[in-house]
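[1] could you look at this predicted model? Sequence included:
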Protein chains: 2
Amino acid sequence: MTETAKIEGFDLLRFLPYLLNQAAEESSLTFQKVYKDRYGLLRTEWRVLFHLGMFGEMTATDIGTRGKIHKTKVSRAVYRLGQRRYLKRMPSETDRRVEWLVLTPAGEAVYRDLRDTAERYEEALLDGFTADEVAQLKRVLCRLGGTTDSAGSPK
Amino acid sequence: MTETAKIEGFDLLRFLPYLLNQAAEESSLTFQKVYKDRYGLLRTEWRVLFHLGMFGEMTATDIGTRGKIHKTKVSRAVYRLGQRRYLKRMPSETDRRVEWLVLTPAGEAVYRDLRDTAERYEEALLDGFTADEVAQLKRVLCRLGGTTDSAGSPK
DNA sequence: TGGTAATGGTTGTTTTTGTAACTAACAAGC
DNA sequence: GCTTGTTAGTTACAAAAACAACCATTACCA
């Protein structure tokens, strides 16, 4: 690294989207190694798996809505998870466009393993922050991310 | 959205890397529209431009290190910024592998415009949070993102 | 020196993503 | 019933990213 100089009031290193990105990048990449190395999962696949593990039976659209994942990404992730027998597709009885998705026992096992790992990883990540800081951080992030979802934020 | 059911302690919607990602994605995509529509810049190009605008003369490696951007991405971004005459490359006198990068007046102008826009955007983003919340948020994000950089955090 | 390793940077190839268009099924109005 | 409009989900194609291999230096060190 070299000199500095300029810096006229604005500081990229304090620019929020930048900071968010750096932090997200850091934490995502670290955890990515886990689900990738251990199960060969892509990020979207992991997210879809998690949604199913957490909420049980859902449709592709449900997942997309909840997780703000584009339907093409969901579609492809579901396809691959299906190939690996991590989930099963069940045609809806009432609407032939729809398929209900549900984890197979194998998928459940993967989910549980990754969930537990994620929990420990998060603890490590937050080590050194007070409970208050953590709570506030999450609250703020929820609002910033538009996760005004019932399931998440106490608002 | 359908039922819930399961939910056994762990909540993806409160999983930090997930939250970080959602928030980062949200803010990045929103601001992306600005530099894309206005100058046809890619995200990495914008980031490189910003680094140069903020720190002045740097090498490609400097930028990569600071911004955690892979060197191939930096390389290609620099190439395109050069094509648009937003930056100038100057061979180092002491090391023929190295090139110093510096914004042209045109590049400076773009930088200033986008920086000002970014500033206003950030204000809008943070509207509704107290100064304290903002300060703490940034501090925590700095640490999470590994931005222990002198230029940014009071630690 | 001369050989090996490390660094700065670029290029080529393969994966992933984003965008748009498309099929199939349902819904509504007339 | 038949047209028009929506919705669920997939597929095709273009753009962007990840990854690896690659020069051309420079640094290290016997």
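    Now that the structure is in, tell me what you want to look at. Residues are numbered from 1 along each chain as shown, chains lettered A, B, ... in the order given.
[2] now the helix ranked longest in chain A: average pLDDT?
    Looking across chain A with DSSP state H, the single longest helix is helix A:16-39. Per-residue pLDDT values over helix A:16-39 give a mean of 87.
[3] same question, stretch A:42-60
    In this model, stretch A:42-60 has a mean pLDDT of 95.
[4] just the C-alphas of it, formatted as PDB.
    This file holds the C-alpha atoms of stretch A:42-60, laid out as PDB (Å, rounded to 0.1, in the frame of the first residue of the first chain):
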ATOM      1  CA  LEU A  42     -23.600 -23.900  -4.800                       C
ATOM      2  CA  ARG A  43     -24.700 -20.900  -2.800                       C
ATOM      3  CA  THR A  44     -28.200 -20.800  -4.200                       C
ATOM      4  CA  GLU A  45     -28.500 -24.500  -3.700                       C
ATOM      5  CA  TRP A  46     -27.600 -24.100  -0.100                       C
ATOM      6  CA  ARG A  47     -30.100 -21.300   0.400                       C
ATOM      7  CA  VAL A  48     -32.900 -23.400  -1.200                       C
ATOM      8  CA  LEU A  49     -32.000 -26.300   0.900                       C
ATOM      9  CA  PHE A  50     -32.100 -24.200   4.000                       C
ATOM     10  CA  HIS A  51     -35.500 -22.800   3.200                       C
ATOM     11  CA  LEU A  52     -36.900 -26.300   2.800                       C
ATOM     12  CA  GLY A  53     -35.200 -27.500   5.900                       C
ATOM     13  CA  MET A  54     -36.500 -24.600   7.900                       C
ATOM     14  CA  PHE A  55     -40.000 -24.300   6.600                       C
ATOM     15  CA  GLY A  56     -40.700 -27.800   5.300                       C
ATOM     16  CA  GLU A  57     -42.800 -28.200   2.200                       C
ATOM     17  CA  MET A  58     -42.700 -25.200   0.000                       C
ATOM     18  CA  THR A  59     -43.100 -24.400  -3.700                       C
ATOM     19  CA  ALA A  60     -40.400 -22.800  -5.800                       C
END
